[in-house]
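>>> sequence and predicted structure are below.
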Amino acid sequence: MTDPTFDIVSPEAIRSGRATDAYFERTESTLRAADRNPHVAAEVTADQFPDGEFELLAGLKDAAVLLSERSVDVDAIPPGRLFDGGPVLRIEGPYLEFARLETSLLGLLSHASGIATAALEARRAAPDSSVLSFGARHVHPSIAAVVERSALLGGLDGFSHVAAGEIIGREAGGTMPHALLLCFGKGNQEDAWRAFDETVPESVPRIALCDTFSDEKDEVIRAAEALGDRLDGVRIDTTGSRRGDFRHIIREVRWELDARGHEDVEIFVSGGLGPSELRELRDIADGFGVGSYISNADPVDFALDIVAVDGEPVSKRGKLSGIKSVYRTDDGGHHVGLRGTDAPPNSEELMEPLIRDGTVLDSFDYSLNAAVERAKQDASLVGF
């Protein structure tokens, strides 16, 4: 008989530190046997020095949950800030308080930050368009809320996953898949569109999917005739193998709608899109659904390294010793320096107190709304 459980590591295993690499358990056992538990400072970094390649920080809410109620102090860059070299998070305390949490901590920050960075790239590619996250189907369902929160943090306008919305306190959006049209059968597209219109709540936009059985232009005209003034928009999701000149298809659709007095009907586009396609189509499409480009983004390659032991700077080869500060100058520059040295002129310190002696501070705002605003402002400042 098949095991009826899903292959999901439980939240309790993550919080307790069992979601770790085996060598941390062995390190912990060794240090306890040797009666060694030094006070350390450890920093999470992707790059040691700035190189001009900014990435967007996400995952801090989950990191705070992981590190809370332990005898450590934590400073971090708030979510929604762009970073380029130097630490994004620092832990200070007895090493055994957090040693076995490293694996999970890096995963929480790395995955979310990669998704958020890709979402911001999509947002900046079409700043005046509606851009929605359609990528939850490409990842394990247990992390759908991570995908959607990170996508919103990067500036996207909405997402599609229902359960993720329940977790992050936002309502999922979406209208109809090709399956609805297929269930009604070829030649019965009008029946499907009308049934949808008669069934779903009035708050749901009437956006008809128009590329299931026949030419996009043909189905768009038929949808407009079937729903009339109740039609809010059409979605074109033509698969890449049949797409041809996608820009030309969308321009044709716009022409035919306008020619029949449907200038207010919007055109939404989805299917294998990324920033380059959004830039190419943003002047003729009203909105986009972006899936795998965001959900399948490469995680940011964070590492956690000890940089001080019992107050003395130390590091492994290739890493910078000593506790550091990171700064944003008013011209958008990102700077890294030793803590306690002079800050660059006209700069702000990016790291803020997050946890003190295991307690998450109310002053650290990792709310989604605040992170979205930071990302928008930072992206403009640094020229992302």
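All right, it came through fine.
>>> now do the contacts for Asp197.
Residues near Asp197 by Cβ atoms under 8 Å, 6 or more residues apart in numbering: 206, 227, 230. For the C-beta atoms, the positions are set from N, CA and C on the backbone; glycine is no exception.
>>> dump those residues to TSV, plus neighbour count, secondary structure and distance to Glu277.
Formatted as TSV, these follow (neighbours: other Cβ atoms under 10 Å; DSSP: H, G, I helix; E, B strand; the rest coil; distance: Cβ to Cβ, whole Å):
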residue	neighbour count	secondary structure	distance to Glu277
Arg206	20	coil	25
Leu227	19	helix	28
Arg230	11	helix	29
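>>> need those residues in TSV with pLDDT and distance to Ile236, can you?
Listed next are the contacts of Asp197 as TSV, based on pLDDT from 0 to 100; distance: Cβ to Cβ, whole Å:
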residue	pLDDT	distance to Ile236
Arg206	97	16
Leu227	98	16
Arg230	97	19
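>>> helices along the stretch 251-384 of the chain, start to end?
275-281, 292-295, 368-382 (DSSP state H, counting those that start in this stretch).
>>> run the chain-centre distance for the last one.
For helix 368-382, the separation from the chain centroid amounts to 13 Å (computed by Cα atoms, centre = their mean, to the nearest Å).
>>> send me it as PDB with only the CA atoms.
Extracted as PDB, the C-alpha positions of helix 368-382 are listed here (Å, rounded to 0.1, in the frame of the first residue of the first chain):
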ATOM      1  CA  LEU A 368       4.200  42.700   3.200                       C
ATOM      2  CA  ASN A 369       2.900  46.200   2.600                       C
ATOM      3  CA  ALA A 370       6.000  47.800   3.900                       C
ATOM      4  CA  ALA A 371       8.300  45.400   2.000                       C
ATOM      5  CA  VAL A 372       6.500  46.200  -1.300                       C
ATOM      6  CA  GLU A 373       7.000  49.900  -0.800                       C
ATOM      7  CA  ARG A 374      10.700  49.500   0.100                       C
ATOM      8  CA  ALA A 375      11.200  47.400  -3.100                       C
ATOM      9  CA  LYS A 376       9.600  50.000  -5.300                       C
ATOM     10  CA  GLN A 377      11.600  52.800  -3.800                       C
ATOM     11  CA  ASP A 378      14.900  50.900  -3.700                       C
ATOM     12  CA  ALA A 379      14.500  49.800  -7.300                       C
ATOM     13  CA  SER A 380      14.100  53.300  -8.500                       C
ATOM     14  CA  LEU A 381      17.000  54.500  -6.400                       C
ATOM     15  CA  VAL A 382      19.600  51.900  -7.500                       C
END
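>>> buried residues of that helix, list them for me.
Across helix 368-382, burial judged by 16 or more other Cβ atoms under 10 Å covers 368, 371-372, 374-376, 378-379, 382.
>>> between all of these, which two are separated the most?
Maximum pairwise distance in those, criterion Cβ to Cβ, is 21.1 Å, between Leu368 and Val382.
>>> about what we covered before: tell me the one of the contacts of Asp197 nearest Glu252?
Closest approach between the contacts of Asp197 and Glu252, by Cβ to Cβ: Leu227, at 19.7 Å.
>>> for Glu92, which three-state class applies?
Assigned by DSSP: H, G, I helix; E, B strand; the rest coil, the conformation of Glu92 is strand.
>>> beta partners of it?
Ala41, Asp73 (DSSP bridges).
>>> verify the stated contact: it with Leu67.
No: using Cβ atoms under 8 Å, Glu92 is not in contact with Leu67; the gap is 11.2 Å.
>>> shared neighbours, the two?
Between them, Glu92 and Leu67 share the contacting residues Val74, judged by Cβ under 8 Å, 6+ apart.
>>> of these two, which one has the most company?
Applying other Cβ atoms under 10 Å to Glu92 and Leu67 shows that Leu67 carries more neighbours, namely 26 against 18.
>>> in contact with that one, which residues?
74, 91, 98, 101, 105, 354-355.
>>> ditto for Arg70
Arg70 neighbours (Cβ under 8 Å, 6+ apart): 93, 97-98, 358.
>>> still on that earlier bit, so which of the contacts of Leu67 are in strands?
Among the contacts of Leu67, DSSP state E puts 74, 91, 354-355 in strands.
>>> with neighbour count, pLDDT and distance to Phe24 added, can I get those residues in CSV?
What follows is the ones in strands among the contacts of Leu67, written out as CSV (neighbours: other Cβ atoms under 10 Å; pLDDT from 0 to 100; distance: Cβ to Cβ, whole Å):
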residue, neighbour count, pLDDT, distance to Phe24
Val74, 27, 98, 18
Ile91, 27, 98, 14
Leu354, 24, 98, 22
Ile355, 23, 98, 20
